[in-house]
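Peer 1: Below are the sequence and a predicted model; questions follow.
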Amino acid sequence: QVQLVESGGGLVQPGGSLRLSCTASGNIFNVNDMGWYRQGSGKQRELVARITPGSSRFYADSVKGRFTISRDNAKDTAYLQMNSLKPEDTDVYYCHAEVRPQTAELWYDYWGQGTQVTVSP
């Protein structure tokens, strides 16, 4: 069983910062790409940022220069540092990871439970 556990969401004023964390745990053989997606009510889930095991990064245009994704491979943990937050960043943020369980030879997609980020005065 593999789980992704997120933390760090909350309420912040415009211009403020938040840091999200996501840790993969369970019977893990290896973790490939990790990333963060967000989804608002009635909207499709969209990719925010993604990072490879070698720390190559991809960002959505809407967050470039404001968000930074990083990871600690030894801890199977990814972080999303969000600065200069705007009201339009308000969404539920989901962690995603490509994981190869110890009992499998294939890679599978896993998702966190989601954490609410609200940016409001």
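Peer 2: Cool, got the structure.

Peer 1: quick one: terminal-to-terminal distance for stretch 107-117?
Peer 2: End-to-end distance of stretch 107-117 (Cα to Cα, to the nearest Å): 29 Å.

Peer 1: Repeat that for stretch 51-66.
Peer 2: First-to-last residue span, stretch 51-66, Cα to Cα: 16 Å.

Peer 1: For the residue nearest the centre of the chain, which residues count as its bridge partners?
Peer 2: In the chain, the centroid-proximal residue (Cα atoms, centre = their mean) is Trp36; its distance is 2.8 Å. As for beta bridges, Trp36 partners with Ala49, Cys95 under DSSP bridges.

Peer 1: Model confidence score at it, please.
Peer 2: pLDDT recorded at Trp36 is 98.

Peer 1: thought it was touching Cys22?
Peer 2: Yes: the pair Trp36 / Cys22 is scored as a contact, 7.5 Å apart, by Cβ atoms under 8 Å. From N, CA and C alone the C-beta is placed, and that goes for glycine too.

Peer 1: how about the strands of this structure, start to end?
Peer 2: Here the chain has its strands, by DSSP state E, at 2-7, 10-12, 18-26, 28-39, 46-51, 57-59, 67-72, 77-82, 91-101, 108-111, 115-119.

Peer 1: most packed of those?
Peer 2: With neighbours defined as mean count of other Cβ atoms under 10 Å, the strands of the chain peak in mean count at strand 77-82, which reaches a mean of 22.

Peer 1: Please give the centre-to-centre distance between it and its chain.
Peer 2: Centroid separation for strand 77-82 versus its chain: 6 Å, with Cα atoms, centre = their mean, to the nearest Å.
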